[in-house]
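Novice: give me a 3D structure for the following:
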Amino acid sequence: MRKFLLAGSMIAALFILSASFAKAQVTVIPNGTNIPAGGSGVGTPAQTANVTTTIATILDLAVTTGATVPINFPDINSLDNGVTVSGAVSLTFRSNLPWFVNVAANTTNFTGGDANTPMPSTILSYRLGNTVTYIPFTTTASSVVGITGAKAARGAGTIGVDYYMNPRYDFGPGNYAISLTYTISNL
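Specialist: Modelled structure (predicted):
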């Protein structure tokens, strides 16, 4: 039989080593097991994150073609029958609300031409591209697309507007001009 003598520092090392093995515990949780919320050492397995956003009101209208539309009367035939300009104006719209578009002449009369016989805005008419009825321009806004009670659906696209003008022989020769305002609205 053999005997071993342990010195003091060796006894302390064995004690620390055995104490370390005694404290280590491993818990295995099998797959599919519900992990309890809270509790010591388990943690919180699910968290909630919230997202907020703000979308601005968009009612955008641009004259993409037809910012200046020449309508000329170079001969008898054009004065007898008037002049139609199909697709005179293209309006590009973008709206995230139901919308409608109105148009109005900025002044009652054209500028220029014969000052003794001013040409009224009503000599010029419009229609939504290729519809039947032309509507004379006045300083009171009138509908191009939709109305307050029957708005177009939100979205984006292009509207074509035709012009018709027939001054006949009621106005003297010269250059005439008028400004028109197209407005997109939801109200």
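Novice: what about the closest residue to Ala62 other than its chain neighbours, which SS state?
Specialist: Using Cβ to Cβ, 6 or more residues apart in numbering and skipping the chain neighbours, the partner closest in space to Ala62 is Thr92 (4.8 Å). All C-beta atoms are positioned from the backbone trio N, CA, C, and that covers glycine. Under DSSP: H, G, I helix; E, B strand; the rest coil, the three-state class of Thr92 is strand.
Novice: what about the helices in this protein?
Specialist: 8-23, 76-81 (DSSP state H).
Novice: hey, least reliable of the ones you listed by pLDDT?
Specialist: Lowest mean pLDDT within these: helix 8-23, a mean of 44.
Novice: the residue nearest to Ala62 - how many residues pack around it?
Specialist: Look at Thr92: counted by other Cβ atoms under 10 Å, it has 14 neighbours.
Novice: ok, now how distant is it from Val161?
Specialist: Note on Thr92: its distance to Val161, by Cβ to Cβ, to the nearest Å, is 12 Å.
Novice: what's the answer for Gly172, then?
Specialist: Distance from Gly172 to Val161, by Cβ to Cβ: 28 Å.
Novice: can you check Tyr182 too?
Specialist: 8 Å.
Novice: more neighbours: these two, which one.
Specialist: Val161 (24 against 19).
Novice: what's opposite the more buried one in the beta bridge?
Specialist: Val89, Leu128 (DSSP bridges).
Novice: all strands for this protein, in order.
Specialist: 59-65, 83-95, 100-105, 111-112, 124-128, 135-136, 142-145, 155-165, 176-177, 180-185 (DSSP state E).
Novice: dihedrals phi and psi, the closest residue to Gly82 other than its chain neighbours?
Specialist: Once flanking residues are discounted, Gly82 sits nearest to Asn166: 3.0 Å by Cβ to Cβ, 6+ apart. Asn166 adopts backbone torsions of phi -140, psi 90, taken as degrees, to the nearest 10.
Novice: what does Thr53 give?
Specialist: phi -150, psi 160.
Novice: roughly how far apart are it and Asn130?
Specialist: In terms of Cβ to Cβ, Thr53 sits 40 Å off from Asn130.
Novice: please apply the same query to Pro173.
Specialist: 32 Å.
Novice: show me what contacts the residue nearest to Thr57 when sequence neighbours are not counted?
Specialist: Residue nearest to Thr57 in three dimensions, not counting chain neighbours: Leu97, with 6.3 Å by Cβ to Cβ, 6+ apart. With contact taken as Cβ atoms under 8 Å, 6 or more residues apart in numbering, Leu97 is in contact with 57-59, 154, 186.
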